[in-house]
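[1] I need the structure of the sequence given here:
(one chain, ligands or ions: 1)
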Amino acid sequence: MADSTVLTPVASETLIRIQHVSKRYRNVNALDDLSLEIPRGKIFGLIGPNGAGKTTLIRILAALLAPSSGQVWFNNEEVSRSPATIQRQVGYMPDFFGVYPDLTSAEYLEFYAGIHGIPRQKQAGLISDLLELVELTSKRDAMVENLSRGMKQRLCLARALVHDPEVLLLDEPASGLDPRARVELRELVRTLQGMGKTIIISSHILLELAEMCTDIAIVKNGKLVLSGSVDTITSQINGGRQVEIRLLDPSSLPQALDVLKARPEVTQTQIEDQVIQADFQGDDQVLYQMLSALMAENIPVVSFAPRSGGGRLEEIFMQITEGGQQG
Ligand SMILES: Nc1ncnc2c1ncn2[C@@H]1O[C@H](COP(=O)(O)OP(=O)(O)OP(=O)(O)O)[C@@H](O)[C@H]1O
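    Residues are numbered from 1 along each chain as shown. Here you go, the predicted model:
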């Protein structure tokens with residue numbers, strides 16, 4: 001797969017438009033002419049090996065760092081022209097914990113609420129709500145330094161939410177978390193998406209994100225390798241996805257195969273243990289059309305199970321990113 005491959009642009013409404021952004025630190029091109037569109041309301045995974053440029057890009061999106069060239073548009077506003085406005089709309093969670101002074105969880109959030117100018121009379125209610133959201137109500141009066149890594153991570157997320165931003169930028173939020181804490185983080189991120197937020201998450205481990213994200217962009221050596229929905233990427237790179245179909249009555253198998261084979265997106269079919277395995281090209285919309293076609297012929301489908309792309313994606317990621325990083 002060539003480094004310059006960029007897959008079909010996402011159709012949904014664009015919230016962030018990154019145009020030809022480069023960032024140079026002395027002799028390192030951390031970002032190199034990177035263009036990318038991030039749709040509103042998505043959980044967007046920014047994936048790349050160490051040194052790929054993820055943190056640099058996230059800091060540029062957070063209006064904490066200016067690109068050397070190129071532009072970032074956020075809600076039709078150019079980020080470098082109005083960084084303070086952008087900073088009010090984004091919540092940034094850095095990839096390091098920092099040092100915690102002698103503060104309890106509630107005091108820590110109070111401190112950040114003060115920085116964001118939240119009126120004092122509103123702070124108590126806000127902090128209770130945030131602690132509840134990140135499931136730290138019972139740790140309200142615990143010292144931050146005594147929290148577990150996963151709890152600190154969730155507290156940092158609450159801190160990033162203090163000013164109710166539209167966008168969350170989470171730099172390596174799953175790093176160092178045990179599997180249970182990762183599941184909790186995933187659920188929390190989904191809850192935040194349900195609240196209407198757009199979430200951008202970076203990681204160098206694709207599997208950490210494949211289940212959580214709706215869309216991904218793979219970055220290497222400061223360049224975009226590919227981007228798109230998780231389903232589209234799996235489908236386009238692997239030459240297709242697969243769905244397993246079980247019927248109530250095996251005598252309907254030949255008819256079901258005929259229906260599937262007649263569909264242009266179906267590339268191959270086979271039957272194993274009376275289960276149809278159909279390879280196809282396309283997204284969930286296509287999958288729905290396949291199911292509808294079977295239902296229209298009254299074929300007694302009892303199970304229609306697409307294979308998850310996660311495992312395959314990891315292979316793709318390894319192929320794409322092998323060969324190391326520039327110095
Ligand atoms: N302040 C800086 N000065 C000089 N070089 C830097 C600076 N910050 C980052 N770099 C370099 O820019 C490149 C991209 O770094 P960046 O931290 O953005 O990558 P990353 O994908 O977030 O990596 P990681 O997964 O290891 O955090 C690296 O080669 C890094 O060494």
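[2] so where is this protein shaky, pLDDT-wise?
    Low-confidence regions of the chain, defined by pLDDT under 70, span residues 1-12, 99-100, 234-240, 308-327.
[3] interface residues of it facing the ligand?
    For the chain, the residues in contact with the ligand (C-beta under 6 Å from any ligand atom) are 25-26, 28, 30, 48, 50-56, 95, 204. C-beta: built from backbone N, CA, C; applies to glycine.
[4] how about 5 Å then?
    By the rule C-beta under 5 Å from any ligand atom, the part of the chain lying against the ligand is 25, 28, 30, 50-56, 204.
[5] Out of those residues, which end up buried?
    In terms of neighbour count (16 or more other C-beta atoms under 10 Å), the buried residues within the residues of the chain next to the ligand are 30, 51-56, 204.
[6] taking those residues one by one, which sit in strands?
    Counting by DSSP state E, these place Ala30 in strands.
[7] Of the buried ones among the residues of the chain next to the ligand, which belong to helices?
    Here DSSP state H is the test, and those give 54-56 as lying in helices.
[8] so what secondary structure elements neighbour the biggest helix by length in the chain?
    As assigned by DSSP H, the longest helix anywhere in the chain is helix 179-194. If you count contacts as 3 or more C-beta pairs under 8 Å, 6 or more residues apart in numbering; DSSP states H and E, helix 179-194 packs onto strand 43-47, helix 149-160, strand 198-203.
[9] could you redo the ones you listed as a markdown table and give each row distance to Glu107?
    Formatted as a markdown table, the helices and strands packed on helix 179-194 follow (distance: least, C-beta to C-beta, whole Å):
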| stretch | distance to Glu107 |
| --- | --- |
| strand 43-47 | 31 |
| helix 149-160 | 11 |
| strand 198-203 | 27 |
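[10] Distance from the helix or strand hosting Val225 to the middle of the chain?
    Taking DSSP states H and E as the definition, one finds Val225 inside strand 223-229. From the chain centre to the centre of strand 223-229 is a distance of 12 Å (C-alpha atoms, centre = their mean, to the nearest Å).
[11] Which strands border that strand, and is each parallel or antiparallel?
    strand 215-220 (antiparallel) (DSSP bridges).
[12] Was I right to think Lys42 contacts Ala217?
    No: with contact defined as C-beta atoms under 8 Å, Lys42 does not reach Ala217; the gap is 11.0 Å.
[13] Same drill for these two, tell me which one is more crowded.
    Ala217 (27 against 20; other C-beta atoms under 10 Å).
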